[in-house]
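Asker: Provided below are the primary sequence and the corresponding predicted coordinates.
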Amino acid sequence: MNFNIFLISVTALSVTLFGACQNAHQHEAHEGEHTDADEHDHDHGADEITFTEAQAKTAELQITTLQPTTFAEVIEVTGQVLPATGSEATVTATMAGIVKYASNALTEGCAVGNGKTLFVINGKPMADGNPAAVAQSELAAAKSAYERAQKLAAEHIIAQRELEDARQRYQAAAATAQSLGNAAQSRGISAPIGGYIKDLLVKPGDYVAAGQPLATITQSQHLQLRADVPERYYRFLADITSANFRLTYQESAQVVALSTLGGRLVSKGKSTATNGNFVPVIFEFNNRGNIVAGSMAQIYLQGKQRQGVLAVPTEALTEAQGLYFVYVQEHADSYRRQEVKIGATDGLRTEIVSGVKAGDKVVTHGATQVRLAASSGAVPEGHSH
């Protein structure tokens, strides 16, 4: 009897312990499932970036739905901005003497009008006397001799050859006197064209000889863009039609499309330049901005058009540790960062090879502001844990 009671008690205790173990195991499993789900939900929320409509308006956010478009083949090279042919002139001394500036305001970069007096040359202080006065005296003597020879030749007293010699001496004396100026030995030198002083080649007080360059004037309304194309790209030259460029001396300079400056292709070199294995390609454009001749440039030459390319404005891309990203709009105030692989760029737009597809809504202006929002750790409402 006592043995039966003991057996029943042991059996009841075993059932109780088994049930407790089952409940504990189910509870742990449930907690594990809940934890995994919570972590999944948390990860999902962390992928999203909150950027409200008010923030988007302040940042002037622009969203573009990606669609296949045309995109040119691009060759990225270096080059230089040059003055256009015929738009640059040299101011030259027309007599020998000591030069001074006609105005204290004469500096490199200043604007000058056509015919404006830039320099004054004075020969009076010269050690060899007054060349202009000597030239005027020689001219007067040569003129008198020529007139006398004309009378003698008319009376057949001298031969025609002597008359011709007198005429040539007179013409030579007249040319010399004209180049040296008047006997006062002072002459103003004027600008042959209107434009801007590119180079001042003399300083006040310098001695200059007749024919010596004094300054260079450039008309910046027209400039040339010379692209130095490596010879390995020679087969692409036939397809080049236009270009975009960025001035390298300006760190924050924007890329400029030649088409917006009335640009046109002028020439393509048929052989490499003498300074290396490069073929020159020349464009001409109107200088509607503050572009300085002589500036170095990064140039994006454009060739054949390709169809069906996904491309975004270059400013839509952000970069981190060598990887490129865009921001895709998921909902009205929700975005996600998407890694993409890029292809060619023309400076203004960049080809997207993979990472997004047609129909995706991508931030094309204001990506930096969205990136800052992502860095702040903002999580959309309803996704906090």
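Answerer: Thanks, I have it. Numbers count the residues shown, from 1 in each chain.

Asker: Quick one: residues contacting residue 211.
Answerer: The contact partners of residue 211, taken as Cβ atoms under 8 Å, 6 or more residues apart in numbering, are 92, 93. (C-beta placed from N, C-alpha, C; glycine too.)

Asker: mind checking how far it is from residue 363?
Answerer: 63 Å (Cβ to Cβ, to the nearest Å).

Asker: Residue 50 too?
Answerer: From residue 50 to residue 363 the distance is 14 Å (Cβ to Cβ).

Asker: So for these two, which residue has more residues nearby?
Answerer: Comparing residue 50 with residue 363 by neighbour count (other Cβ atoms under 10 Å), the higher total belongs to residue 363, at 27 against 18.

Asker: Does residue 311 touch residue 351 like I think?
Answerer: Yes. Residue 311 lies in contact with residue 351 (Cβ atoms under 8 Å); the separation is 5.1 Å.

Asker: where do the contact lists of these two overlap?
Answerer: With Cβ under 8 Å, 6+ apart as the test, residue 311 and residue 351 both reach residue 71.

Asker: With neighbour numbers in mind, choose between those two.
Answerer: Neighbours were counted for residue 311 and for residue 351 using other Cβ under 10 Å; residue 311 has more, 23 against 17.

Asker: Dig out what the residue nearest to that one when sequence neighbours are not counted forms beta bridges with.
Answerer: Distances taken as Cβ to Cβ, 6 or more residues apart in numbering place residue 349 nearest to residue 311, at 4.6 Å, with adjacent residues excluded. Counting by DSSP bridges, residue 349 is bridged to residue 313.

Asker: how near is residue 349 to residue 57?
Answerer: Taken as Cβ to Cβ, the span from residue 349 to residue 57 is 25 Å.

Asker: Look at those two and report which has more neighbours.
Answerer: residue 349 (23 against 9).

Asker: My guess is that one contacts residue 313. True?
Answerer: Yes. Contact criterion Cβ under 8 Å: residue 349 and residue 313 qualify, at 5.8 Å.

Asker: What's the mean pLDDT across the helix or strand containing residue 353?
Answerer: Element membership of residue 353 [criterion: DSSP states H and E] is strand 349-354. What strand 349-354 shows for mean pLDDT is 96.

Asker: contact partners of that strand?
Answerer: Taking Cβ under 8 Å, 6+ apart as the rule, strand 349-354 contacts 66, 71, 309-314, 316-317, 326, 340-345.

Asker: and if you look at stretch 311-326?
Answerer: 64, 66, 69, 71, 255, 327, 337-342, 345, 347-352, 355-356, 362-365, 367-368, 371.

Asker: Work out the gap between that stretch and the centre of the chain.
Answerer: Centroid displacement of stretch 311-326 relative to its chain, using Cα atoms, centre = their mean, to the nearest Å, is 21 Å.

Asker: Can you point out the buried residues in it?
Answerer: The neighbour-count check on stretch 311-326 (16 or more other Cβ atoms under 10 Å) flags 311, 312, 313, 315, 316, 317, 318, 324, 325, 326 as buried.

Asker: Give me the distance between the two termini of that stretch.
Answerer: 12 Å (Cα to Cα, to the nearest Å).

Asker: What's the mean pLDDT across that stretch?
Answerer: On average, stretch 311-326 scores 94.

Asker: same check, this time on stretch 175-188
Answerer: pLDDT averaged over stretch 175-188 gives 73.

Asker: Next: stretch 83-99.
Answerer: In this model, stretch 83-99 carries a mean pLDDT of 86.

Asker: How far off centre is that stretch?
Answerer: 29 Å.

Asker: CA atoms only: put that stretch into CSV for me.
Answerer: This file holds the C-alpha atoms of stretch 83-99, laid out as CSV (Å, rounded to 0.1, in the frame of the first residue of the first chain):
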residue,chain,number,x,y,z
PRO,A,83,42.5,83.2,-77.2
ALA,A,84,40.7,82.7,-80.4
THR,A,85,42.5,83.4,-83.7
GLY,A,86,42.3,87.1,-84.6
SER,A,87,41.2,88.2,-81.2
GLU,A,88,44.6,89.0,-79.9
ALA,A,89,46.9,91.9,-80.9
THR,A,90,50.3,93.2,-79.9
VAL,A,91,51.0,96.8,-79.1
THR,A,92,54.3,97.8,-80.7
ALA,A,93,56.7,100.7,-80.2
THR,A,94,56.8,102.8,-83.4
MET,A,95,60.0,104.7,-82.3
ALA,A,96,63.0,104.3,-80.0
GLY,A,97,63.1,106.0,-76.6
ILE,A,98,62.2,105.8,-73.0
VAL,A,99,58.7,104.5,-72.4
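
Asker: Buried ones in it, by neighbour count?
Answerer: For stretch 83-99, by 16+ other Cβ under 10 Å, it's 83-84, 87-89, 91, 93-99.

Asker: would CSV of those residues with secondary structure and distance to residue 194 be doable?
Answerer: Output for these, formatted as CSV (DSSP: H, G, I helix; E, B strand; the rest coil; distance: Cβ to Cβ, whole Å):
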residue, secondary structure, distance to residue 194
83, strand, 14
84, coil, 15
87, coil, 11
88, strand, 12
89, strand, 10
91, strand, 12
93, coil, 20
94, coil, 19
95, coil, 24
96, coil, 27
97, strand, 26
98, strand, 27
99, strand, 22
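
Asker: and the two most separated of those?
Answerer: Farthest pair in the buried residues of stretch 83-99 (Cβ to Cβ) is 84 and 98. Separation: 34.6 Å.

Asker: Sketch out the low-pLDDT regions of the stretch 251-385 of the chain for me.
Answerer: Under the criterion pLDDT under 70, the flagged ranges of the stretch 251-385 of the chain are 251-253, 271-276, 289, 377-385.

Asker: which residues in it form helices?
Answerer: Taking DSSP state H, counting those that start in this stretch as the criterion, the stretch 251-385 of the chain carries its helices at 367-375.

Asker: the strands in it, which residues?
Answerer: In the stretch 251-385 of the chain, the strands defined using DSSP state E, counting those that start in this stretch lie at 256-257, 264-268, 278-286, 296-309, 311-313, 318-320, 323-331, 334-345, 349-354, 361-365.
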